[in-house]
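Novice: sequence and predicted structure below; questions after.
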Amino acid sequence: MQESTPTYCGTGAIDRLIKYCRSSGLDRFLLVSDENTHAVLGARAEAALRAQGWDVRTVVLSGEEVIADEEYIVQVLLVAGRQRWTYVAVGSGTVTDISRFCSHRTQNDFISLPTAPSVDGYTSIGASPVVRRVKITTPAQPPIAVFCDLQTLCQAPSKLIAAGFGDMLAKYVALADWELAAALMDEPYDADIAQRMRHALKSCVAFAQEIGQGSSHGIEKLMAGLLESGRCMVESGNSRPASGSEHLPSHYWEMRLLQERRPSTLHGARVGIGTILAAQRYEAIKGLTQQDVVTRLAQARPPDRETEIACIRDAFGPTANRIVAEYEPFLERMRQSFDVWRQRIVDCWADVQRIAASVPPPEELADLMRQAGAPSTPQEIGLGQDDVQQALRVSHYLRNRFTVNTVGQMLDLW
């Protein structure tokens, strides 16, 4: 997303949308919403666009649970045809992801009209569709403009607001994982972007109670943080500033719930729980001295390829081939570089401890989530102990990425 891209949050967002479209010469729109978001904002946006005499086509997605999967993506593409449109995404994360993906693949632009401060994906570049029951991340595009109606955001269901706060708290772990990968793996790291993300995070944390109360000031702070998170991802060229090991349990749970036909949960709610679990892993690292590390790594051995792939197949069943394809390059890299990585961990242990200290203790994170009205235990979002244990055991296979999970594996902490 370019710095000049219009982003507005306040009253009169629809009027700002019309003014922007008029000045940009836009007059053909494909408006995508679901039944709920069409009722709260989509119908108003559609009427305002039509009142200008512009060509407007609408897609209102329906069903008990709208998912960014093949079924709903095809519904949008069938209406879109091969014509030129400016997509208008009226909704939260799922509607935005569907619109982002479809507009990108049809070589069209899209405008975002968020209806809840529930995710940080509004201004990001990637889409996260579910393809053949596997949650993937694929390049797409950011919107050309974002118009947030503050009243609509404040009136969003409290669980959606809480989910947005959970997605923001995840940045504690994401930023630590990113810095950990830079220190131990020489992965590219942008200190300026990381600092911007920390500033946005601290601003949200400072207003946790107001966010939980749904005050306009608190919601405005939350939405600003979520939008900044998306910008940071775009400018860094990847999701490192906003997504790390805390997102992996969320992706695993989403896939498992879909496969077992269990009721789904909100992305941000799952990520919030994943953040607490990841913080527990950072707590385990904080408790180790350098001598503890030397002793543990002296006994460490590279992962066995066949054992790892067998574990993936056992855990993921019919979707295992896609997981293996994603994880195997990282597994091979880990096997080949194991001795180098082992020595780097010992040499950089002071840095590892400093980075781990930047992640608040899990009980502090849980308290912040309660202040914001967000769930702080797996049971609150319908997850059992087996769901949690399985996620901790296998969710790292879902991404080809160095995180705190990798360090813990090498140290045999879990």
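Specialist: Happy to help now that I have it. Model, not experiment: these values are computed from the prediction. Numbers count the residues shown, from 1 in each chain.
Novice: every contact and neighbour count from this point should use C-alpha atoms.
Specialist: Fine.
Novice: show me what counts as buried in whatever helix or strand Ala391 lives in.
Specialist: Element membership of Ala391 [criterion: DSSP states H and E] is helix 385-394. Residues 387-388, 391-392, 394 are the ones in helix 385-394 that count as buried (16 or more other CA atoms under 10 Å).
Novice: same check, this time on stretch 104-111
Specialist: Burial within stretch 104-111, assessed by neighbour count using 16+ other CA under 10 Å, is assigned to 104, 109-111.
Novice: and stretch 73-90, by the same measure?
Specialist: Judged by neighbour count (16+ other CA under 10 Å), stretch 73-90 contains these buried residues: 73, 76-77, 80, 85-90.
Novice: same check, this time on stretch 296-307
Specialist: Neighbour counts using 16+ other CA under 10 Å place 297, 300, 302 of stretch 296-307 among the buried residues.
Novice: about what we covered before: next helix or strand past the helix holding Ala391?
Specialist: Using DSSP H and E, the helix or strand that follows helix 385-394 towards the C-terminus is helix 404-410.
Novice: tell me the one of the buried residues of helix 385-394 nearest Ala194?
Specialist: Checking those against Ala194 by CA to CA gives Leu392 as the nearest, at 26.2 Å.
Novice: and the pLDDT for the closest one?
Specialist: The per-residue pLDDT reported for Leu392 equals 97.
Novice: I'd assumed Pro249 was in contact with it.
Specialist: Yes - using CA atoms under 8 Å, Leu392 is in contact with Pro249, at 7.0 Å.
Novice: how about the helices in the stretch 251-400 of the chain?
Specialist: 267-286, 290-298, 305-316, 320-336, 338-347, 349-357, 362-371, 385-394 (DSSP state H, counting those that start in this stretch).
Novice: what angle do helix 349-357 and the first one make with each other?
Specialist: For the pair helix 267-286 and helix 349-357, the angle between their directions (axes from the mean of the first three to the mean of the last three CA atoms, to 10 degrees) equals 140 degrees.
Novice: and the contacts of helix 267-286?
Specialist: Residues outside helix 267-286 that contact it (CA atoms under 8 Å, 6 or more residues apart in numbering): 118-119, 162-167, 169-170, 173, 245-250, 253, 353, 356-357, 359-363, 365-366, 369, 374-378, 381, 404-405, 408, 413.
Novice: and the lowest-mean-pLDDT helix or strand in the chain, how far out from the chain middle?
Specialist: Within the chain, confidence by mean pLDDT, DSSP states H and E is lowest for strand 134-135 among all helices and strands, at a mean of 78. From the chain centre to the centre of strand 134-135 is a distance of 13 Å (CA atoms, centre = their mean, to the nearest Å).
Novice: for that strand, packing partners?
Specialist: If you count contacts as 3 or more CA pairs under 8 Å, 6 or more residues apart in numbering; DSSP states H and E, strand 134-135 packs onto helix 247-259.
Novice: which pLDDT value goes with the closest residue to Ser124 other than its chain neighbours?
Specialist: Leaving aside its sequence neighbours, Ser124 sits nearest to Gly230 (CA to CA, 6 or more residues apart in numbering; 4.1 Å). Per-residue confidence at Gly230 stands at 92 (pLDDT).
Novice: what's the host helix or strand of Gly230 packed up against?
Specialist: Gly230 belongs to helix 216-236 when assigned by DSSP H and E. In this structure, helix 216-236 packs against helix 150-154, helix 158-169, helix 191-206, helix 208-213, with contacts taken as 3+ CA pairs under 8 Å, 6+ apart.
Novice: hey, which of the ones you listed is tucked in deepest?
Specialist: Among those, helix 158-169 has the highest mean neighbour count (mean count of other CA atoms under 10 Å), at a mean of 28.
Novice: run through who's touching that helix.
Specialist: Judged by CA under 8 Å, 6+ apart, the contacts made with helix 158-169 from elsewhere in the structure are 116-120, 201, 204-205, 208, 211-212, 214, 219, 222, 225-226, 266-273, 275, 365, 369, 372-375.
Novice: what stretches of this protein score poorly on pLDDT?
Specialist: Flagging of the chain using pLDDT under 70 yields the residue ranges 1-4.
Novice: quick one, domains of it?
Specialist: Dividing the chain into domains by automatic domain parsing, as the record does, gives the ranges 7-156, 162-410.
Novice: from the chain's centroid, how far away is the shortest one?
Specialist: With CA atoms, centre = their mean as the basis, domain 7-156 stands 18 Å off its chain's centre.
Novice: before we move on, the earlier item: of the buried residues of helix 385-394, which is the nearest to Pro318?
Specialist: Among those, Val394 lies closest to Pro318 (CA to CA), at 15.2 Å.
Novice: find the centremost residue of this protein, please.
Specialist: Against the mean C-alpha coordinate of the chain, by CA atoms, centre = their mean, the closest residue is Ser243 at 5.9 Å.
Novice: what about the nearest residue in space to it that is not next to it in sequence, which helix or strand?
Specialist: Sequence neighbours aside, Ala174 is the residue nearest to Ser243 in space, at 4.9 Å (criterion: CA to CA, 6+ apart). Using DSSP H and E, Ala174 maps to helix 171-185.
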